[in-house]
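Engineer: I would like to see how this sequence folds:
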Amino acid sequence: MVAYIFDTILKRAARDTMALTKRQSRAWFRSTASTMTSANPTRMIRSNSQRLTDKPMIGRMYLFNYDPKHKGKLPYYDRFPLVFPFRKTQDGFIGLNMHYLPYHLRIALLDKLMVFRSNNRMDETTRLKYSWATIDGISKFNAAIPCVKQYLTGHVKTQFRKVSSEDWVTAMMLPVERFVGASKQEVWTESQRKIRRA
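Structural biologist: Numbers count the residues shown, from 1 in each chain. Here you go, the predicted model:
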């Protein structure tokens with residue numbers, strides 16, 4: 001049931017939001033996602049084997065299960081990151097985990113990042129082409145600051161579930177963040193403090 005949650009929400013969106021403005025559509029996604037409290041990230045990752053990969057590509061979006069190397073030293077972490085990788089490292093990658101933002105800020109940040117999209121098709125070929133140097137220090141991208149995280153390939157516990165660009169908004173609105181060490185409200189409050197201090 002939950003395995004096809006992306007498709008379910010998209011079908012509802014097509015049916016219910018045809019006449020809505022952009023702002024109203026965002027509100028619709030927020031309210032719809034918040035009612036889906038049974039969203040199971042593990043099932044979502046495994047829901048479509050054709051979308052699973054062992055090698056994430058820069059600029060695409062992925063959902064995966066992660067167990068941090070130094071989790072005992074972290075104040076909190078997300079077990080199921082939803083990430084746009086932007087740089088490869090020797091043993092993994094660095095990316096923006098959108099779960100560190102409340103829903104409305106995720107969408108606002110994505111709106112700004114769309115200037116870096118590789119094309120306007122919003123299909124399997126679309127990705128975000130940027131680096132941290134491109135957005136660091138630019139105030140309109142301050143919401144990215146609490147999202148920057150490094151991931152070690154050896155601590156990824158599942159394959160990477162690729163999210164097509166046409167589903168990016170839907171994926172960001174799903175309540176699949178699973179924070180350890182703090183509630184999501186506490187994480188989001190701290191993230192907003194970091195943004196204000198930037």
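
Engineer: can you pull the contacts of the residue lying closest to residue 127 once chain neighbours are set aside?
Structural biologist: Spatial nearest neighbour of residue 127, chain neighbours left out: residue 59 (3.3 Å); criterion: CB to CB, 6 or more residues apart in numbering. For glycine as for every other residue, the C-beta is placed from the backbone atoms N, C-alpha and C. Residues in contact with residue 59 (CB atoms under 8 Å, 6 or more residues apart in numbering) are 84, 85, 86, 116, 118, 127, 128, 129, 130.

Engineer: secondary structure class for residue 59?
Structural biologist: Per DSSP: H, G, I helix; E, B strand; the rest coil, the local secondary structure of residue 59 is coil.

Engineer: which residues of the protein score low on pLDDT?
Structural biologist: Counting by pLDDT under 70, the chain has low-confidence residues at 1-38.

Engineer: In it, where's the longest strand?
Structural biologist: In the chain, with assignment by DSSP state E, the single longest strand is strand 82-89.

Engineer: For the helix or strand that that one is followed by, give me every contacting residue.
Structural biologist: Downstream of strand 82-89, the first helix or strand assigned by DSSP states H and E is strand 92-97. Applying CB under 8 Å, 6+ apart, the contact partners of strand 92-97 are 56, 58, 78, 81-87, 109, 132, 144, 147-154, 156.

Engineer: Show the buried residues in those residues.
Structural biologist: 56, 58, 78, 81-86, 109, 144, 147-149, 151-152, 156 (16 or more other CB atoms under 10 Å).

Engineer: Who's the closest spatial neighbour of residue 141, skipping the chain neighbours?
Structural biologist: Going by CB to CB, 6+ apart, residue 141 has residue 135 as its nearest residue, at 3.9 Å.
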